[in-house]
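Student: Mind folding the following:
(one chain, ligands or ions: 1)
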Amino acid sequence: MMLQIEDLCCGYRQKRVLDGVRLEIPSGCFCALMGANGAGKTTLLKSINGILRPQSGRILADGCDVLAMPPRQRARLIGYVPQNAQAGDSGLSVMETVLSGRVPHMRGRLRNEDREIAARVLEEMALEPLAMRTLRQLSGGERQRVFIARAMAQQPRILLLDEPTNNLDMHFRQDVMERMRRMSARQGLTVVTILHDLNLAIAYADQTVLLRDGGVYASGRPEALLNEESTREIFHVRMDFAPHNGVRYAVPHRREEGEV
Ligand code: ATP
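Tutor: Predicted coordinates for the structure are as follows:
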């Protein structure tokens, strides 16, 4: 599903965070949203999802105004995994949490199809052994995988992920990136994910959007966009870029004493 953001302005009370953001993310695109701390990445995801009401602008999914949709319809189209999703006090089990992803599709009660989808996702995300544990009994990384699994069970057409790899070890970091990439390529799922790791963006994303000063600094293919100059401009950091299999990856530039 194609996602268009038109002249989006939003923020909190008096504070304007995003000022006239225009962006187009094609159907089935795996898009990495990047920028310094406080640049407005989470604010942008929350406004796409309708959690935060924009001051002005429009969000269109295949041409339909997302913010004008009833919440249930929006929840069938858009999945959202927040940053460091917490267990809360609900005492829900892993299975119940993943099943709750089916709520936007249910009419009153669970169908066998809903249970089958949840069971399949639990298996895919290697969560079966944890299915009966409550969220409070999980590690941070395990909990993160549960929330990603819930969003997968929701079967949205657009998936918004806020730093999904944060608490994950190397195996699951790669696993989640590959899974999301496959889902976007095969099922046309449009993925917008906040990432802080330049190399994950270079390795997996089709498109990178760099946010700065309340707007889009640049948008395009990560290998074209991410280089010494843009990382200095955006992140105020010096990185070297070295080729591997024909693609240039980022390596931190270790400064020698006295080097500026
Ligand atoms: P990070 O990389 O640190 O997660 P981000 O790019 O996702 O940052 P946002 O969380 O979107 O940044 O925050 C953008 C700006 O809005 C920041 O200056 C932040 O302090 C401010 N902000 C975020 N949430 C609120 C809030 N609830 N009330 C007031 N200001 C907020």
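
Student: ok now do Ile78, which residues does it touch?
Tutor: For Ile78, the contact set (CB atoms under 8 Å, 6 or more residues apart in numbering) comprises 48-50, 61, 66, 156-160. The way it works is simple: take the backbone N, C-alpha and C, and place the C-beta from them, glycine included.

Student: Filter the residues you listed down to the ones in strands?
Tutor: Taking DSSP state E, the ones among those that sit in strands are 61, 158-160.

Student: Ala131 versus Ile158, what's the distance?
Tutor: 27 Å (CB to CB, to the nearest Å).

Student: quick revisit: looking at the ones in strands among the contacts of Ile78, state which has the most neighbours.
Tutor: Leu160 (27 neighbours; other CB atoms under 10 Å).

Student: surely that residue meets Leu44?
Tutor: No. If you go by CB atoms under 8 Å, Leu160 and Leu44 don't touch, sitting 9.1 Å apart.

Student: Spatially nearest residue to the residue nearest to the spatial centre of the chain, not counting backbone neighbours?
Tutor: Centroid check for the chain by CA atoms, centre = their mean gives Leu161 as the closest residue, at 1.9 Å. With sequence-adjacent residues excluded and distances taken as CB to CB, 6 or more residues apart in numbering, Leu161 is closest to Thr193, at 4.0 Å.

Student: mind listing what Arg22 touches?
Tutor: 5-8, 216 are the contacts of Arg22 under CB under 8 Å, 6+ apart.

Student: how about whichever strand or helix holds it against the ligand, any contact?
Tutor: Using DSSP states H and E, Arg22 maps to strand 15-25. Yes. Judged by CB under 6 Å from any ligand atom, strand 15-25 and the ligand are in contact via 15, 17.

Student: Going by contacts, tell me the helices and strands next to the helix or strand the residue nearest to Leu161 falls within.
Tutor: Assigned by DSSP H and E, Thr193 belongs to strand 190-194. Judged by 3 or more CB pairs under 8 Å, 6 or more residues apart in numbering; DSSP states H and E, strand 190-194 is in contact with strand 30-34, helix 41-48, strand 158-162, helix 170-187.

Student: what about 10 Å?
Tutor: strand 15-25, strand 30-34, helix 41-48, strand 78-81, strand 158-162, helix 170-187, helix 198-204, strand 207-212 (3 or more CB pairs under 10 Å, 6 or more residues apart in numbering; DSSP states H and E).

Student: Mind telling me which of those the model trusts least?
Tutor: With a mean of 93, helix 170-187 has the lowest mean pLDDT of the helices and strands packed on strand 190-194.

Student: ok so, going back, and the contacts of Arg22 near the ligand, which?
Tutor: Answer for these near the ligand: none qualify (CB under 6 Å from any ligand atom).

Student: Quick check on these: which are buried?
Tutor: 5, 8, 216 (16 or more other CB atoms under 10 Å).

Student: Setting aside sequence neighbours, what's the nearest residue to the second one?
Tutor: Nearest in space to Leu8, with sequence neighbours left out and distances taken as CB to CB, 6+ apart, is Gly57 at 3.5 Å.

Student: Look up how far Met125 lies from that neighbour.
Tutor: Distance from Gly57 to Met125, by CB to CB: 35 Å.

Student: who has more neighbours, the two?
Tutor: Remark: of Gly57 and Met125, Met125 carries more neighbours, 23 against 18, as counted by other CB under 10 Å.

Student: Surely Asn84 touches Gly140?
Tutor: Yes. Using CB atoms under 10 Å, Asn84 is in contact with Gly140, at 7.7 Å.

Student: Between the two, which contacts overlap?
Tutor: Residues touching both Asn84 and Gly140 by CB atoms under 10 Å, 6 or more residues apart in numbering: 166-167.

Student: where does Val121 fall, phi/psi-wise?
Tutor: With angles defined as degrees, to the nearest 10, Val121 sits at phi -70, psi -40.

Student: Spit out the contact partners of it.
Tutor: 98-99, 101-102, 127, 146, 148-155.
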